[in-house]
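In: Curious how this folds, go ahead:
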Amino acid sequence: MPERQSVLIPPQRESRAPARLSPGPRLRAGAAAATVWYLRVLAALNIVAVLSLPFREEVHEHNGGEFFTPYLATAGLVSAALALFLAMVMRRRKRAAWLFNLLFAGPLFLLYVLALTQDRYQDHLFNWLSAALTGGFVAALLLGRREFNAIGDRSNPRHALAVGAGGILLSGGLGTWLVDATNKVSGAPLTDKVVYTLLRSISVGPLADRVPAVHAPRWVDITINLLMAATFLLVLYVCFRSPRGRALLGEEDERRLRDLLDRHGDRDSLGYFALRRDKAAIFSPTGKAAVTYRVVGGVSLASGDPIGDPEAWPGAIDAWLSEARRHAWAPAVMGASEEAGTIYARHGLDALELGDEAIVDVADFSLDGRAMRVVRQAHNRVRRAGYTVTIRRHEDIPDDEMAQLVERADQWRDGATERGFSMALGRLGDPADGRCVMLECRDAQGEPRALLSFVPWGEQGLSLDLMRRDRDSENGLMEFMVVELLLRAGEIGVRRVSLNFAMFRSVFERGARLGAGPVLRLWRSVLTFFSRWWQIESLYRANAKYRPVWEPRFLLFAKSADIPRIGIASARAEGFLTPPALPSFARRGRRSVPDAPAGSTDSADSAGSAGAAGSGAKSSR
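Out: Predicted coordinates:
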């Protein structure tokens, strides 16, 4: 198989070491980091105070009378949750969180300063320490204000008010019911129970003891406080959540991407999947390259390599990362090649190998030889059963036939969930995809039994997109179709075919070798165990039959702490996790994504028969 073209990076782009910050920016960055650490420490202290009675009583003593404590030190779960959440959003440099802290900590610091002008407060050293800590926090906020430039969604305040009102009513109502059911003092009026519940929502300390007509068990006090803490967290999440990003690929963006693919589409087998219409595109300043991405759960999820001229990739990557920082999105790339991963790494992203893509060079493929005996036998068995395969470009299929194929693909889909993102187009039969290739398999009676669809990979390549088959058809049908494509690829001018993506292929391969270490063997055993459900190993074994060239693919991320978020966002984008939908009246107004055409990608269909068919869909599908 001809080697992929190498990338020549100009000398000025070859070394992209970050420039050393001058004292001003370094001071601002340090001040911003200090505010995050202050909130983390206060969250930990509040949690300790909730769990430790002596410490909690000490904090409550310093919150009453002639004492006061630093900003957010209240020994309550609500304040602990507030401090922890604020630390998270401040770490993401959200402007709304900076303003929230300044509006609360600033007046509190001024109040402390005024209090210290009076003699009765000056005698207590802890008051001076509390004022100094609060003032230091405010000073750090002011010094680092330019670091907090991530914007939020304009609809957040409105939704936060609605969620807060509903949460308080629900938590307060449930708390009042618990107080009424467990109150040890009889004859308490409803108003006292409501006041007690509200005070317990603020603190589990002696604050609610001011209501003598109510005396509830300790577990009720903690439950009420936990309910309100959860409400607080939900309100803060809605208040500070990042914008969701554009939902659709615009017509002009799609045209520009197709122009880039016409010139550089042979570089990456996943390039055509950038045309998914649930992605957004951001271009380099020259317009010669672009990164396509989708925002899922606060993660800006790109896939594959940037589109276009590799010399313009750094400009597109810089623009994408700047957009992510501006909206406090966590940047991540799924399925980048080693070539692109190297350039992403120069922009501060770390890499983790996900697996390998199976690529078959048509000129090197043959059914001859002992190594191909299993594949040859399966192919001959299906052919003797009377099955035939038709290979056509989508543009050569009449409209009525394409409509029937789309309908069949929809009927053969395994389940209602459409899956695929990084290695799937998400549609079938669109007139704009005329260069895609369709393989239609019919039985001896001429009835359609299976289909494969491939997207273009440059002028002479194909990349697997969709696999569907009738569950009652002959076993090994997919393998038969793949072999037919590889043997007859010259009919449509194809010289290389990208098949499936094998997760952690190197682990299975190296872990089975003589002398493999204990860690590698343990990791292989774990993956083998989970392959019972997800068929990780079977996809690797099925594709290894074709003796492909394995091209590694990588996950790129900015911070290791974001990997769990990225994993969840990836699972959501691929269709393996589906969050519960909000009621229609509560959904945020945004550009909606139209329903995918019938027959769009679903990995469960192919993965379920990977071992028998010899070819499953790429693991993301």
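In: Where do the helices of the stretch 51-200 of the chain begin and end?
Out: According to DSSP state H, counting those that start in this stretch, the stretch 51-200 of the chain carries its helices in the segments 53-62, 77-91, 95-115, 119-122, 125-143, 156-182, 190-202.
In: ranking the ones you listed by burial, who's on top?
Out: Counting by mean count of other CB atoms under 10 Å, helix 77-91 has the highest mean neighbour count of the helices of the stretch 51-200 of the chain, with a mean of 23. (Each C-beta comes from the backbone N, C-alpha and C, glycine too.)
In: In CSV, could you pull the C-alpha coordinates for it?
Out: Extracted C-alpha coordinates of helix 77-91, given in CSV (Å, rounded to 0.1, in the frame of the first residue of the first chain):
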residue,chain,number,x,y,z
LEU,A,77,-23.3,21.2,53.3
VAL,A,78,-24.8,24.0,51.3
SER,A,79,-21.7,26.2,51.6
ALA,A,80,-19.5,23.2,51.0
ALA,A,81,-21.3,22.4,47.8
LEU,A,82,-21.3,26.0,46.8
ALA,A,83,-17.5,26.4,47.4
LEU,A,84,-16.8,23.1,45.6
PHE,A,85,-18.9,24.0,42.6
LEU,A,86,-17.5,27.5,42.4
ALA,A,87,-14.0,26.1,42.5
MET,A,88,-14.8,23.9,39.5
VAL,A,89,-16.3,26.7,37.4
MET,A,90,-13.6,29.2,38.4
ARG,A,91,-11.0,26.6,37.2
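In: Identify the residues contacting that helix?
Out: 32, 35-36, 39-40, 42-43, 46-47, 50, 72-73, 96-98, 100-101, 148, 201-204, 222, 225-226, 228-230, 232-233, 236-237, 240, 328 (CB atoms under 8 Å, 6 or more residues apart in numbering).
In: which ones among the residues you listed are found in helices?
Out: By the criterion of DSSP state H, membership of these in helices covers 32, 35-36, 39-40, 42-43, 46-47, 50, 96-98, 100-101, 201-202, 222, 225-226, 228-230, 232-233, 236-237, 240.
In: So which of the helices of the stretch 51-200 of the chain is nearest residue 485?
Out: Distances from residue 485 to each of the helices of the stretch 51-200 of the chain were compared by CB to CB, and the smallest falls on helix 77-91, at 49.3 Å.
In: could you give the mean pLDDT of the closest one?
Out: Helix 77-91 comes out with an average pLDDT of 83.
In: so which strand or helix has the nearest residue to residue 319 once chain neighbours are set aside?
Out: Once flanking residues are discounted, residue 319 sits nearest to residue 282: 5.1 Å by CB to CB, 6 or more residues apart in numbering. Taking DSSP states H and E as the definition, one finds residue 282 inside strand 280-283.
In: nearest to residue 525, of the helices of the stretch 51-200 of the chain?
Out: Using CB to CB, the helices of the stretch 51-200 of the chain put helix 77-91 closest to residue 525, at 35.7 Å.
In: re the thing from before, pipe the helices of the stretch 51-200 of the chain into CSV and attach distance to residue 362 per row.
Out: What follows is the helices of the stretch 51-200 of the chain, written out as CSV (distance: least, CB to CB, whole Å):
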stretch, distance to residue 362
helix 53-62, 72
helix 77-91, 50
helix 95-115, 54
helix 119-122, 84
helix 125-143, 62
helix 156-182, 53
helix 190-202, 69
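In: Of all those helices, which one is nearest residue 321?
Out: Of all the helices of the stretch 51-200 of the chain, helix 77-91 sits nearest to residue 321, with 16.8 Å by CB to CB.
In: what's the longest strand belonging to the chain packed up against?
Out: Across the chain, the longest stretch assigned as strand under DSSP state E is strand 350-361. Contact analysis of strand 350-361 by 3 or more CB pairs under 8 Å, 6 or more residues apart in numbering; DSSP states H and E lists strand 330-336, helix 338-345, strand 496-503, helix 505-511, strand 549-557 as its packing neighbours.
In: So for the next helix or strand after the longest one, what gets flagged as buried?
Out: Following the chain from strand 549-557 toward its C-terminal end, the next helix or strand by DSSP H and E is helix 563-574. Within helix 563-574, the residues that qualify as buried are 565-566, 568-570, 572-574, counting by 16 or more other CB atoms under 10 Å.
In: re the thing from before, just checking: what are the partner strands of the longest strand of the chain?
Out: strand 496-503 (antiparallel), strand 549-557 (antiparallel) (DSSP bridges).
In: Pick out the shakiest of the ones you listed, pLDDT-wise.
Out: strand 496-503 (a mean of 84).
In: Next, the angle strand 330-336 makes with that strand.
Out: 130 degrees (axes from the mean of the first three to the mean of the last three CA atoms, to 10 degrees).
In: Can I get strand 496-503 in CSV? Just the C-alpha atoms.
Out: The C-alpha coordinates for strand 496-503 follow below in CSV (Å, rounded to 0.1, in the frame of the first residue of the first chain):
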residue,chain,number,x,y,z
ARG,A,496,-7.5,1.1,-0.7
VAL,A,497,-10.3,0.4,1.7
SER,A,498,-10.6,1.4,5.3
LEU,A,499,-12.6,-1.2,7.2
ASN,A,500,-13.1,-1.2,11.0
PHE,A,501,-11.6,0.4,14.0
ALA,A,502,-10.2,-2.1,16.5
MET,A,503,-10.2,-0.7,20.1
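In: rewinding a little: what does the strand holding residue 282 rub up against?
Out: So strand 280-283 is contacted by 245-249, 253, 256-257, 274, 289-295, 316, 319-320, 323 (CB under 8 Å, 6+ apart).
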